[in-house]
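Novice: Using only what follows, build the 3D model:
(one chain, ligands or ions: 1)
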Amino acid sequence: MNPPSAGSPGRERRDAYAISAEFYDVLQAERDEVRVRSLYRDDVRRARVGVLDVGAGTGRVTLMSLLESRVPVHAVEPARSMRTPLMTRLASLGAELTTRVTVHPHPLDEAGLQGVADVAVCHNTVACLHPTSRRALWPAVAEALVPTGVLLVQLPPARLPSHRITHVLPVRTVGRHEYGGRMVTSADEGRIRARFDYWVRGDGRVLRRHDETFWLWPASRAQMIAELEEEGFIALPERPDPSVLAVRLARP
Ligand SMILES: C[S@@+](CC[C@H](N)C(=O)[O-])C[C@H]1O[C@@H](n2cnc3c(N)ncnc32)[C@H](O)[C@@H]1O
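Specialist: Here you go, the predicted structure:
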């Protein structure tokens with residue numbers, strides 16, 4: 001689980017991830033790469049119109065979609081600090097891949113996308129949205145999809161944690177330095193507070209420490225289905241991994 005911003009009901013801060021972006025791929029890319037492939041690869045391979053990556057971050061789903069499909073890929077990423085590593089990742093690819101990918105530097109509901117994809121993926125993003133922003137996302141996804149398009153959403157936590165939970169991120173060695181971190185989650189007035197602490201060690205001591213706090217909003221599977229049904233989606237059968245909800249647009 002990764003980070004968003006301040007807990008105001010309005011638009012999430014666009015400079016969120018300013019700290020986390022440096023550590024995001026170093027500490028999480030390897031494991032997440034395997035995970036996004038197993039969660040979405042088969043759906044992406046079936047895309048015939050386009051793939052939409054909502055909240056592309058540093059681009060793991062975007063890259064997997066480029067490699068596993070033959071269709072245009074739309075990566076929507078409003079935060080500059082996350083878009084920067086995304087662009088670097090894309091710039092390292094050959095022209096045969098980069099001609100197929102378009103990066104939209106806005107929240108999806110401001111990107112103006114219409115009928116560009118038959119598969120949309122929203123991985124590790126919805127939990128980070130205030131409920132008002134989350135509900136604003138569904139009509140924009142419906143608009144961006146063709147009439148029978150499929151949306152795959154990684155579900156937020158269903159409820160608030162009952163106690164403080166510490167999740168240690170795997171340590172990674174880069175040259176003479178070791179990178180590490182942890183995420184501590186706790187309930188805080190209807191939201192989940194997720195504090196990320198990062199450290200870099202070298203020469204037997206801690207060289208620097210950073211932290212960034214994000215807020216998550218829980219929502220049950222039933223609540224998510226109800227919100228999506230209001231926007232014309234119907235739920236598809238439960239998937240082998242129930243952390244992802246699949247819905248299909250059912251427009252007349
Ligand atoms: C926790 S990150 C996950 C990034 C990526 N999906 C991953 O799993 O590595 C969530 C991303 O969603 C983006 N985001 C937030 N609100 C959004 C919106 N309304 N439309 C599109 N992206 C949004 C954030 O800027 C952030 O990069």
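Novice: Return stretch 55-64 as CSV; C-alpha atoms alone will do.
Specialist: What follows is stretch 55-64, C-alpha atoms only, in CSV (Å, rounded to 0.1, in the frame of the first residue of the first chain):
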residue,chain,number,x,y,z
GLY,A,55,-2.8,6.7,-11.3
ALA,A,56,0.2,5.4,-13.2
GLY,A,57,2.7,6.4,-10.6
THR,A,58,6.2,5.5,-11.7
GLY,A,59,4.8,3.3,-14.4
ARG,A,60,4.7,-0.4,-13.4
VAL,A,61,1.3,-1.1,-14.9
THR,A,62,2.0,1.2,-17.9
LEU,A,63,5.2,-0.7,-18.7
MET,A,64,3.6,-4.1,-18.3
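Novice: element containing Val49?
Specialist: Using DSSP states H and E, Val49 sits within no helix or strand.
Novice: ugh, typo on my part, it should be Met224
Specialist: Secondary structure (DSSP H and E) places Met224 in helix 221-230.
Novice: Then Tyr198?
Specialist: strand 191-202.
Novice: Off-centre distance for the helix holding Met224?
Specialist: With Cα atoms, centre = their mean, to the nearest Å as the basis, helix 221-230 stands 19 Å off its chain's centre.
Novice: following that helix, which helix or strand shows up next?
Specialist: That would be, after helix 221-230 and using DSSP H and E, strand 233-235.
Novice: That following strand: partners in the sheet, and parallel or antiparallel?
Specialist: strand 244-249 (antiparallel) (DSSP bridges).
Novice: Can you list the neighbours in contact with the helix holding Met224?
Specialist: 126, 134-135, 138, 151, 153, 155-156, 158, 219, 235, 242, 245, 247 (Cβ atoms under 8 Å, 6 or more residues apart in numbering). C-beta coordinates here come from the backbone N, C-alpha and C atoms, glycine included.
Novice: Could you rerun that using 6 Å?
Specialist: Defining contact as Cβ atoms under 6 Å, 6 or more residues apart in numbering, one finds that helix 221-230 is touched by Trp138, Leu155, Ala235, Leu245, Val247.
Novice: Okay, angle between it and strand 244-249 too, please.
Specialist: Per axes from the mean of the first three to the mean of the last three Cα atoms, to 10 degrees, the angle that helix 221-230 makes with strand 244-249 is 20 degrees.
Novice: Show me which residues of helix 221-230 are buried.
Specialist: Judged by neighbour count (16 or more other Cβ atoms under 10 Å), helix 221-230 contains these buried residues: Arg221, Met224, Glu227, Leu228.
Novice: Export the residues you listed to TSV and append columns for pLDDT and distance to the ligand.
Specialist: Putting those into TSV (pLDDT from 0 to 100; distance: Cβ to the nearest ligand atom, whole Å) gives the following:
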residue	pLDDT	distance to the ligand
Arg221	97	19
Met224	98	16
Glu227	98	14
Leu228	98	15
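Novice: how would you label the closest residue to Ala79 other than its chain neighbours: helix, strand or coil?
Specialist: Distances taken as Cβ to Cβ, 6 or more residues apart in numbering place Tyr17 nearest to Ala79, at 5.1 Å, with adjacent residues excluded. Following DSSP: H, G, I helix; E, B strand; the rest coil, the label given to Tyr17 is coil.
Novice: residues touching Tyr17, list them.
Specialist: Tyr17 neighbours (Cβ under 6 Å, 6+ apart): Ala79, Ser81, Met82.
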